[in-house]
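Peer 1: Next comes the sequence, and after it the predicted model I'd like to discuss.
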Amino acid sequence: MTRLNFLPRAAQPTGWRLALLAIGVLMLLPAAGNWISQLQTVSRLEARLDAQSAATQPARLTRPTLAPAQQHEQDLQVKAVAEAVRQLNLPVTRLIKAIVAPADVRVALLALDLNGQPPQENAETTTPSGALKIAAEAETAQDMINYLAFLNQQPMFRSVYLVKHEMAAGAGERPYHFQLEAQWRQ
């Protein structure tokens with residue numbers, strides 16, 4: 001069998017090749033020594049930094065204990081601030097857009113109360129919710145029922161129910177006065 005070999009066989013290293021190899025290794029020795037000394041310096045500095053950061057860790061801050069009266073006052077302040085934040089976070093614009101009746105439902109809104117507290121059974125949920133109280137009037141009982149059905153179809157409301165209704169004698173155009181309560185969610 002014939003072997004094709006396009007490269008000439010490597011000749012035994014001659015003296016000048018070995019000398020060149022030895023010079024290359026000797027030239028790399030200082031670089032290797034410098035690299036090792038830099039690695040040791042970095043590890044020493046890291047150890048020193050770890051020791052300093054362990055020594056400068058802030059001590060756990062403890063709250064000073066308050067007298068019961070002061071603690072009660074502080075709890076009341078925290079509740080007041082939480083209530084103010086809750087009021088500021090109400091989605092008022094979205095709620096108002098959701099309660100505007102369509103043109104075919106003839107209802108006049110008289111009052112809105114956004115201060116309804118969220119139901120207690122939902123206290124463990126994380127989605128904000130609350131109660132919206134609506135006072136309105138309509139010309140017919142059917143308009144009142146249609147408005148209630150319209151609000152129940154709105155995705156923003158979990159439930160809407162009629163709290164009270166009355167027929168006002170001599171009220172003219174809008175004899176039906178009613179109140180609704182809507183549980184909303186975001």
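Peer 2: In hand now; what should we look at? Bear in mind that the values here come from a model prediction, so they are computed numbers and not experimental data.
Peer 1: tell me which strands and helices the host helix or strand of Trp16 is in contact with?
Peer 2: For Trp16, the host element (DSSP states H and E) is helix 15-55. Here helix 15-55 touches no other helix or strand, going by 3 or more Cβ pairs under 8 Å, 6 or more residues apart in numbering; DSSP states H and E. All C-beta atoms are positioned from the backbone trio N, CA, C, and that covers glycine.
Peer 1: how far is that helix from where the chain is centred?
Peer 2: On the basis of Cα atoms, centre = their mean, to the nearest Å, helix 15-55 sits 49 Å off its chain's mean C-alpha point.
Peer 1: Give the next helix or strand downstream of it.
Peer 2: The helix or strand immediately downstream of helix 15-55 is helix 68-88, counting by DSSP H and E.
Peer 1: Name the next helix or strand downstream of that following helix, please.
Peer 2: helix 92-99.
Peer 1: Next, the angle from the helix or strand following that following helix to helix 68-88.
Peer 2: Counting by DSSP H and E, the next helix or strand C-terminal to helix 92-99 is strand 107-116. Orientation check (axes from the mean of the first three to the mean of the last three Cα atoms, to 10 degrees): strand 107-116 against helix 68-88 gives 150 degrees.
Peer 1: model confidence over strand 107-116, on average?
Peer 2: Looking at strand 107-116 alone, the average pLDDT works out to 84.
Peer 1: for stretch 55-66, same thing?
Peer 2: For stretch 55-66, the per-residue pLDDT averages 74.
Peer 1: Give me the contacts around it.
Peer 2: Gln74 (Cβ atoms under 8 Å, 6 or more residues apart in numbering).
Peer 1: try 10 Å this time
Peer 2: Gln70, Gln71, His72, Glu73, Gln74, Asp75 (Cβ atoms under 10 Å, 6 or more residues apart in numbering).
Peer 1: ok, the third one - contacts?
Peer 2: Read it as His72. Neighbouring residues of His72 by Cβ under 10 Å, 6+ apart: Leu66.
Peer 1: Look up how far Ala19 lies from it.
Peer 2: 92 Å (Cβ to Cβ, to the nearest Å).
Peer 1: Likewise for the second one?
Peer 2: From Gln71 across to Ala19, the span is 87 Å (Cβ to Cβ).
Peer 1: Same check on the fifth one?
Peer 2: Distance from Gln74 to Ala19, counting by Cβ to Cβ: 85 Å.
Peer 1: No further queries at this time; thank you.
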